[in-house]
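Chemist: Quick one: sequence and predicted model below, then my questions.
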Amino acid sequence: MVLEIIFWLLILLSVYIYAGYPILLKIISTIKSKEMITDPGYEPKVTLFIAAYNEEKVIADKVQNSVDLDYPKHKLEIIVVSDDSSDRTNEIVNEFSHKYSNVKLNVVKGRKGKTAALNKSVPLASGDVLVFSDANSLYNKDSLHHLVKHFKDEEIGGVCGELRLINPTNSSIGESEGAYWKYEKLLKQLETATGTSIVANGSIYALRKELFKEMNPNVGDDMQNPLIIINQQKRFIYEPNAITVEETSPKSSEEFGRKVRIVTRSFTGIMSYKYVLNPFKNFDFFYKYMSHKLLRWLVPYYMIAVFIINLFLLNQPLYQVMFGLQVLFYLLAITGKVVSSKITYIPYYFCLVNYAALLGTLRAISGKRQATWTPTSR
């Protein structure tokens, strides 16, 4: 009886994480919805940070894209933060800085990772609003206007834009990643409608400079900054019209490695910022973070437990069916590694993501840190 209760509780918890949570947010949004105050003509001084490590293949396109943004040139400062790049990245950026007075290069020696490099670079910013981006992320011309229009509202401390993924190689991992981001977009929209979103996207987000605080170098900046903003009683929101475009990784091994790194750094981060998970201080943030992130990182443990418990219940027809469904799901996932079709790559991607969460959480718990990163092939 106890095993059966645990079995169904874990299944219900998994269903809640992926389906129940957005349904709950939708219900809450119909009861109470936060007003959005914007000023499309608001144009504060902006500093755009572009994090780069050995990005010679894409950095020229990124800097040119940034220079060409539809924003007053005298109000836009562009700082490329090079984490001690060893290729031609620095040379290429210097060519732009000679051509454009608002483009600057800051080389952070010793390669400490993106977050550490940003910590050392933010004091150089002259902007009132800081925008953070990656070297492989190309902004729509009006993206900055859509980000900054919210800062007229004093309640807003940070704004996350919309990442749109393109899949030029038509890889199955790219298709799955695209579906994942559509789901994430839905969650951020609903979280914003009910108060505050709790996550950023490292390729496009902004915050008030006055609210910036030095970050833990072993934790991703896009994971920490929303927590830092929310902890100062400000809202962190999602703006779907501030659009940036990236190519998906063509290789599942690269995507897997990236997700392991993200979970390792993020789980390390929430252990560092556990004081923000106080339900009595901010229940809105507590249930959102638990539902959107923390409980989802633990799904692989639920999956393992459900499979093992099921083995002890095989004397009952219902659990024989449940076991068969699990075996079928995992067989489809294994097949998805070599056969590209919707019926296989969705189970494959789901298992890939949860295996990455398993490794990432174990690494974080064991004290392993991963501050640096390597660009994916494009």
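Modeler: Yes, it's here.

Chemist: So for the longest helix anywhere in the chain, what gets flagged as buried?
Modeler: As assigned by DSSP state H, the longest helix anywhere in the chain is helix 342-365. Residues of helix 342-365 classed as buried: 344-361, 363-364 (neighbour count, 16 or more other Cβ atoms under 10 Å). No exception for glycine: its C-beta is placed from N, CA and C like everyone else's.

Chemist: For that helix, give me every contacting residue.
Modeler: 172-173, 175-177, 179-180, 252, 255-256, 259-268, 271, 296-301, 303, 329-330, 332-337, 370 (Cβ atoms under 8 Å, 6 or more residues apart in numbering).

Chemist: now it: how far from the chain's centre is it?
Modeler: The chain centroid and the centroid of helix 342-365 are separated by 16 Å under Cα atoms, centre = their mean, to the nearest Å.

Chemist: ditto for stretch 179-188
Modeler: The answer for stretch 179-188 is 11 Å, by Cα atoms, centre = their mean.

Chemist: buried sites along that stretch?
Modeler: 181, 185, 187-188.

Chemist: Same check on stretch 214-221?
Modeler: Neighbour-count burial for stretch 214-221 [16+ other Cβ under 10 Å]: 215-221.

Chemist: Can I get those in a markdown table including distance to Ile229?
Modeler: Below are the buried residues of stretch 214-221 laid out as a markdown table (distance: Cβ to Cβ, whole Å):
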| residue | distance to Ile229 |
| --- | --- |
| Met215 | 12 |
| Asn216 | 15 |
| Pro217 | 19 |
| Asn218 | 20 |
| Val219 | 15 |
| Gly220 | 15 |
| Asp221 | 12 |
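
Chemist: what ranges do the strands span in the chain?
Modeler: Assigned by DSSP state E, the chain shows strands spanning 46-52, 76-82, 103-107, 129-134, 138-139, 156-166, 205-208, 235-247.

Chemist: Output the ones you listed in JSON lines; the columns should cover mean pLDDT, mean neighbour count and distance to Pro317.
Modeler: Formatted as JSON lines, these follow (pLDDT from 0 to 100; neighbours: other Cβ atoms under 10 Å; distance: least, Cβ to Cβ, whole Å):
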{"stretch": "strand 46-52", "mean pLDDT": "97", "mean neighbour count": "25", "distance to Pro317": "55"}
{"stretch": "strand 76-82", "mean pLDDT": "97", "mean neighbour count": "24", "distance to Pro317": "60"}
{"stretch": "strand 103-107", "mean pLDDT": "96", "mean neighbour count": "19", "distance to Pro317": "65"}
{"stretch": "strand 129-134", "mean pLDDT": "97", "mean neighbour count": "26", "distance to Pro317": "52"}
{"stretch": "strand 138-139", "mean pLDDT": "96", "mean neighbour count": "23", "distance to Pro317": "55"}
{"stretch": "strand 156-166", "mean pLDDT": "92", "mean neighbour count": "22", "distance to Pro317": "43"}
{"stretch": "strand 205-208", "mean pLDDT": "97", "mean neighbour count": "26", "distance to Pro317": "51"}
{"stretch": "strand 235-247", "mean pLDDT": "94", "mean neighbour count": "20", "distance to Pro317": "46"}
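
Chemist: who's in contact with Tyr289?
Modeler: Contacts of Tyr289 (Cβ under 8 Å, 6+ apart): 198, 270, 276-277.

Chemist: For it, give me the pLDDT.
Modeler: pLDDT recorded at Tyr289 is 93.

Chemist: Now do it against Ser197, distance only.
Modeler: Applying Cβ to Cβ, to the nearest Å, the value for Tyr289 to Ser197 is 11 Å.

Chemist: Now the longest helix of the chain: average pLDDT?
Modeler: pLDDT averaged over helix 342-365 gives 89.

Chemist: let's number from 6 now, not from 1
Modeler: Will do, 6 is the new start, and the previous item becomes helix 347-370.

Chemist: can you name the farthest residue from the center of this protein?
Modeler: Asn320 (43.4 Å; Cα atoms, centre = their mean).

Chemist: That's all I had, so thanks and see you.
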